[in-house]
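> sequence and predicted structure are below.
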Protein chains: 2
Amino acid sequence: MSNKPKISEAEWEVMKVLWNRSPVTANEVISALSGKTAWNPRTIRTLINRLVAKKALGFEKTGRQYHYYPLVSEEASVQTETKSFLERVHGGTLKPILAAFLEEQKLTPDEIAELKEILDKS
Amino acid sequence: MSNKPKISEAEWEVMKVLWNRSPVTANEVISALSGKTAWNPRTIRTLINRLVAKKALGFEKTGRQYHYYPLVSEEASVQTETKSFLERVHGGTLKPILAAFLEEQKLTPDEIAELKEILDKS
DNA sequence: ACATAAGTATTACACATGTAATCGAAAAGT
DNA sequence: ACTTTTCGATTACATGTGTAATACTTATGT
């Protein structure tokens, strides 16, 4: 089952909150995002609702409040996104991709070592 | 100037044709894509028009025919896409991303060596 | 019990995207 | 010169996305 729902860019921010901690209420998602984004709480609720409609999130009712939790794992979603990304830039040279990776992620030495290990094993 | 126009997934296919060879006519783009996609020629013309509107493509008229060519480089576009992709999954663990990369089997041993070199230098 | 507040559900609306069809103009055949 | 074909330009339309506002429902305080 667990088919890969397409998660939009804004929705992705919501998912990251839920992957980080769950189950949480809509309000908790809203306050978690209030530092990061300038979205209206209504907007965030809309995003949550869409994610529920897409079956990327589930919830349990506790009284009138809903506690949301992910129905898709972060790992699987990253995989899906990455695959789609790679398909799109297929044929592009790989070097600038990794270069951007390195530049953007500000990799720690530990992470670099880990990546090298992955490369070694392949 | 040359600001980064957002190129959609379908449009990206058109750009790849043009990055590969240009300037070419719409019909040449259409036949280049006829093997890869099942799009109606009308659809491809629409995509070309949108890319022109986004200033991702330019053209010269030769008689009544237009010869299109990219206004943005593949390198720059890959960079932009990659940055956006990374921002979206930012905070996600890096390992599954590289794992997906490797799984796609885009990496030849030569490339792996090259990547390791990049990692070494950073 | 009833009003109020706090959640959730429904509706809105503009712009992007996928996927074309139709309109109009100009080149080319007859 | 007129008709037909061939391009490009304009228009279409459903669905997705960003960004909310409004309506509805139900705890909760009084």
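Yep, it's here. Keep in mind it's a predicted model, so treat the numbers as computed, not measured.
> where does the residue lying closest to residue A:59 once chain neighbours are set aside land in three-state SS?
Residue nearest to residue A:59 in three dimensions, not counting chain neighbours: residue A:66, with 4.1 Å by CB to CB, 6 or more residues apart in numbering or on different chains. The way it works is simple: take the backbone N, C-alpha and C, and place the C-beta from them, glycine included. The three-state label given to residue A:66 by DSSP: H, G, I helix; E, B strand; the rest coil is strand.
> who does residue A:66 form a beta bridge with?
According to DSSP bridges, the partner residues bridging residue A:66 are residue A:61.
> contacts only, for it.
Neighbour list for residue A:66: A:25-26, A:59-60 [criterion: CB atoms under 8 Å, 6 or more residues apart in numbering or on different chains].
> of the residues you listed, which pair is most distant in space?
A:26 and A:60 (13.0 Å; CB to CB).
> using the record's assignment, carve chain A into domains.
Domain ranges of chain A: A:9-70, A:74-121, per automatic domain parsing.
> read off the pLDDT value for the residue of chain A most remote from its centre.
In chain A, counting by CA atoms, centre = their mean, residue A:63 sits farthest out from the average C-alpha position, at 28.3 Å. pLDDT recorded at residue A:63 is 81.
> residue A:118 reaches residue B:101, doesn't it?
No. If you go by CB atoms under 8 Å, residue A:118 and residue B:101 don't touch, sitting 9.3 Å apart.
> so those two - more neighbours on which side?
With neighbours defined as other CB atoms under 10 Å in any protein chain shown, residue A:118 and residue B:101 compare such that residue B:101 has more, 23 against 15.
> how far is whichever strand or helix holds that one from where the chain is centred?
Element membership for residue B:101 (DSSP states H and E) is helix B:95-103. The chain centre lies 21 Å from the centre of helix B:95-103; the measure is CA atoms, centre = their mean, to the nearest Å.
> for stretch A:30-47, same thing?
Distance of stretch A:30-47 from its chain centroid, counting by CA atoms, centre = their mean, is 15 Å.
> so which bits of chain A are right by DNA strand D?
For chain A, the residues in contact with DNA strand D (CB under 7 Å from any atom of the strand) are A:6, A:8-11, A:38-40, A:42-43, A:45-47, A:63-64.
> the top helix by length along chain A vs helix B:74-89, what angle?
The longest helix of chain A (DSSP state H) is helix A:74-88. Interaxial angle, helix A:74-88 versus helix B:74-89 (axes from the mean of the first three to the mean of the last three CA atoms, to 10 degrees): 170 degrees.
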